[in-house]
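J.: Got a predicted model here, sequence first, then my questions.
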Amino acid sequence: VTEVLSEHLLEGMLEGYVLSGRHGMLNTYEAFAHIIDSMVGQYAKWLESSTDIDWRAPVSNLSLLLSSHVWRQDHNGFSHQDPGFLDVVASKQQDLVRIKLPADANTLLAVAAHAMETTDRIEVIVAGKHPEPVFLSLEDAVAHADAGLGVWDFAGTEQAVGRVDVVLACAGDVPTVEAVAATDIIRKHAPGVGVRVLNVVDLLALGDPRKHEHPIPDEQYDALFLPGTPTVFAFHGYPTLVHQLTYRRNGHDDLHVHGFLEQGTTTSPFDMLMRNEMDRFALAHDAL
């Protein structure tokens, strides 16, 4: 364990550590992962080039854990509220990068284990440090992480109502809490509305399967998002990233993404959500 206040130094150390055949992870504040934008970009280019060299053995993933994230930086304020590193990573070669947004502690364990067990990629995991609800057992979390995304029947109302009027999608720990709470509001105040809760762990699974192998097929996407049914998406980062990934998917016009709108300050965690229209009341209002 090495702790110094220099993302440049630590990222370089991590590169050397994994290239020497070992495993490692860099944990940093989400807003200051931008300090190593170019280093991570150059490492992605190196990974791309090294795949053509047959005598190079696989190397452990460059695993980056982003905590103290945008939705829990109410105390340090606006300077520490920036989820844009995800946009940087998503712009790289999609077969070399992964972005994981675990909703709870068990899913975090599942995606962290996956990051340590696989090779030749840059794995970015975003998880806060504050206590949050645990939605899934460890067994269910492993299955959910392997699938990348899935419907949470226990949180939605579609089985009770018998149909889906609106999909409430979510990606990230805080957005998931708000989406589940928004569904509960709808259940209490509009019990006739069928809500599907769809949680996304593997963000890049939403991308374009025509360009990369990793995103889910259109048929699977359609079965989950139900084109023609409006989707309200509570997203951890900037809303444009979800639109960028899904612009060629069916039903994109029905996708309404809530995320960070660059409305930050030193305030309460819930006020941060309200300022950016991602609180449970805003989500429920949009869905209804």
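T.: Arrived safely, thanks for sending. Residues are numbered from 1 along each chain as shown.

J.: Run a quick neighbour tally on residue 67.
T.: Per other CB atoms under 10 Å, the neighbour tally for residue 67 reads 15. Glycine gets a C-beta too; all of them are placed from N, C-alpha and C.

J.: contacting residues for residue 41?
T.: Counting by CB atoms under 8 Å, 6 or more residues apart in numbering, residue 41 touches 88, 92.

J.: swap the cut-off to 7 Å and go again
T.: If a contact means CB atoms under 7 Å, 6 or more residues apart in numbering, then residue 41 has residue 92 as its contacts.

J.: Touching the helix or strand harbouring residue 182 from outside, list them.
T.: Using DSSP states H and E, residue 182 sits in helix 173-189. Helix 173-189 is contacted from outside by 71, 102-104, 127-128, 132-133, 155-157, 168, 170, 193, 195, 197, 199, 234-236, 273, 278-280, 283-284, 287-288, using CB under 7 Å, 6+ apart.

J.: Go again with 6 Å.
T.: Here helix 173-189 makes contact (CB atoms under 6 Å, 6 or more residues apart in numbering) with 71, 103, 128, 132, 155, 157, 168, 170, 193, 195, 197, 234, 236, 280, 283-284.

J.: Equivalent analysis for stretch 217-233, please.
T.: Under the contact criterion CB under 6 Å, 6+ apart, stretch 217-233 has outside partners 164, 166-169, 198, 209, 242, 249-251, 254-257, 283, 286-287.

J.: any idea of the mean pLDDT for stretch 235-249?
T.: Mean pLDDT, stretch 235-249: 97.

J.: picking that back up, tabulate the CA atom coordinates of the helix holding residue 182 in CSV.
T.: The C-alpha coordinates for helix 173-189 follow below in CSV (Å, rounded to 0.1, in the frame of the first residue of the first chain):
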residue,chain,number,x,y,z
ASP,A,173,-24.7,3.5,-6.5
VAL,A,174,-26.4,6.8,-5.7
PRO,A,175,-28.6,6.9,-8.9
THR,A,176,-29.7,3.4,-8.1
VAL,A,177,-30.9,4.4,-4.6
GLU,A,178,-32.8,7.3,-6.1
ALA,A,179,-34.4,5.2,-8.9
VAL,A,180,-35.6,2.5,-6.5
ALA,A,181,-37.0,5.3,-4.2
ALA,A,182,-38.7,6.9,-7.2
THR,A,183,-40.3,3.6,-8.0
ASP,A,184,-41.6,3.3,-4.5
ILE,A,185,-43.1,6.8,-4.8
ILE,A,186,-44.9,5.8,-7.9
ARG,A,187,-46.1,2.5,-6.3
LYS,A,188,-47.6,4.5,-3.5
HIS,A,189,-49.1,7.4,-5.4
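
J.: So which bits of that helix are buried?
T.: 173-183, 185-187 (16 or more other CB atoms under 10 Å).

J.: Let me know the secondary structure of residue 234.
T.: strand (DSSP: H, G, I helix; E, B strand; the rest coil).

J.: what about the strands in the stretch 101-250 of the chain?
T.: For the stretch 101-250 of the chain, the strands defined by DSSP state E, counting those that start in this stretch cover 122-126, 149-151, 166-171, 195-200, 231-235.

J.: Tell me how far the spatially most central residue of the chain lies from residue 270.
T.: With distances taken as CA atoms, centre = their mean, residue 101 lies nearest the centre of the chain, 3.1 Å away. Residue 101 sits at a distance of 20 Å from residue 270 (criterion: CB to CB, to the nearest Å).
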